[in-house]
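Engineer: predicted coordinates and the sequence they were generated for:
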Amino acid sequence: MTVLDLFSLADRTALVTGAASGIGFAIAQALGEAGARVMITGRQEPRLVEAVDALHRAGVDAGYAVGDVTDPDQARLTVDAAQDAYGEIDILVNNVGRGSNLRSETMTEREWDDLIEKNLTSVFRMSRLVAPGMLERRRGSIINLGSISGFIVNRPQWHSPYGAAKAGVHHLTKSLAAEWADRGVRVNAIAPGFVAENGIAPEEPLFRRYWADEVPMARVASPREIAPAALYFASDASTFATGSVLLVDGGYTLW
């Protein structure tokens with residue numbers, strides 16, 4: 001066996017939430033290119049159909065399940081759909097999340113609750129749904145999408161609920177990793193910096209200053225630059241890694 005063989009995901013099933021585009025799609029494609037069967041989730045079926053078509057063109061064995069993982073019943077249905085299509089889930093990528101641009105003194109409690117639900121509670125929910133099977137088989141990898149916002153305060157937008165939720169994702173990652181380490185389930189997180197996808201507009205001068213010019217590498221990332229970190233955590237290349245939060249931020253948090 002070579003070191004490259006350790007990155008193979010042949011005969012494994014991955015469930016990637018929020019994967020119709022952006023980072024989620026890039027991760028789904030990377031896992032599929034490494035040999036995994038991939039089920040992607042999202043709320044809008046037309047976008048999922050387009051994404052799966054693109055994955056098929058890339059040679060990936062992929063399907064989709066429509067569902068909002070912030071709803072407990074729909075979250076369960078997405079897991080059931082993946083298991084019905086491909087069998088037990090070996091890899092879960094909790095990618096669903098949404099940023100905010102809300103001032104703390106004017107946001108409503110409902111807005112706070114919605115952002116915590118989407119960015120943190122859904123991660124706990126999906127992890128609990130797949131964990132029993134993984135623990136029974138004593139094998140599984142859960143990968144959570146955190147953020148640099150879990151470490152620092154973003155500028156120029158204000159993200160108090162998002163930052164609090166992502167810091168929670170980082171700690172939840174470590175807590176679940178500690179609980180399940182001796183039963184064969186690894187839990188890790190990726191903390192991306194600014195990524196060129198929906199909602200990121202680095203060409204605007206105000207945003208470019210903070211999101212690109214002040215980054216040591218002087219640019220934003222592409223989604224495909226985040227995906228290999230997920231492949232590492234999903235594969236046997238990382239069998240001794242659990243509870244890690246891997247920064248992929250172009251050096252943004254260095255200063």
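Structural biologist: Arrived safely.
Engineer: alpha carbons only for contacts and neighbour counts from here, please
Structural biologist: Fine.
Engineer: for the chain, what's the longest helix?
Structural biologist: helix 160-180 (DSSP state H).
Engineer: what does the helix or strand hosting Val49 contact?
Structural biologist: Here Val49, judged by DSSP states H and E, is contained in helix 45-57. Helix 45-57 is contacted from outside by 19-21, 25, 29, 40-42, 61-64, 66, using CA atoms under 8 Å, 6 or more residues apart in numbering.
Engineer: picking up where we left off before, which helix or strand lies directly C-terminal to the longest helix of the chain?
Structural biologist: strand 185-192.
Engineer: show me what contacts the residue sitting nearest the centre point of the chain?
Structural biologist: Geometric centre of the chain, nearest residue: Asn95, 2.7 Å, by CA atoms, centre = their mean. Residues in contact with Asn95 (CA under 8 Å, 6+ apart) are 16-19, 23-24, 144-145.
Engineer: most neighbours, which of the residues you listed?
Structural biologist: Sorting these by how many neighbours each has (other CA atoms under 10 Å) puts Thr17 first, at 30 neighbours.
Engineer: give me phi/psi at that one?
Structural biologist: Dihedral pair for Thr17: phi -90, psi 150, per degrees, to the nearest 10.
Engineer: the nearest residue to it once chain neighbours are set aside: neighbour count?
Structural biologist: What sits nearest to Thr17 in space, not counting adjacent residues and going by CA to CA, 6 or more residues apart in numbering, is Thr41, at 4.8 Å. When neighbours are counted by other CA under 10 Å, Thr41 registers 30.
Engineer: next one: Thr41 from Leu102, what distance?
Structural biologist: 27 Å (CA to CA, to the nearest Å).
Engineer: list the buried residues for the least confident helix or strand in the chain by mean pLDDT?
Structural biologist: Least confident helix or strand of the chain, by mean pLDDT, DSSP states H and E, is helix 205-208 with a mean of 73. By neighbour count on 16 or more other CA atoms under 10 Å, the buried set for helix 205-208 is 207-208.
Engineer: so which elements touch whichever helix or strand comes after the helix holding Val49?
Structural biologist: The helix or strand immediately downstream of helix 45-57 is strand 62-66, counting by DSSP H and E. The contact analysis (3 or more CA pairs under 8 Å, 6 or more residues apart in numbering; DSSP states H and E) places strand 62-66 against strand 37-42, helix 45-57, helix 72-86.
Engineer: one more time with 10 Å
Structural biologist: In terms of contacts (3 or more CA pairs under 10 Å, 6 or more residues apart in numbering; DSSP states H and E), strand 62-66 is packed against strand 13-16, helix 22-33, strand 37-42, helix 45-57, helix 72-86.
Engineer: make JSON lines from the ones you listed and add distance to Ala212 to it.
Structural biologist: What follows is these, written out as JSON lines (distance: least, CA to CA, whole Å):
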{"stretch": "strand 13-16", "distance to Ala212": "28"}
{"stretch": "helix 22-33", "distance to Ala212": "18"}
{"stretch": "strand 37-42", "distance to Ala212": "29"}
{"stretch": "helix 45-57", "distance to Ala212": "28"}
{"stretch": "helix 72-86", "distance to Ala212": "35"}
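Engineer: figure out which of the ones you listed is closest to Arg209.
Structural biologist: Closest to Arg209 of the helices and strands packed on strand 62-66, according to CA to CA: helix 22-33, at 22.3 Å.
Engineer: give me the angle between the closest one and helix 45-57.
Structural biologist: Angle, helix 22-33 to helix 45-57, by axes from the mean of the first three to the mean of the last three CA atoms, to 10 degrees: 40 degrees.
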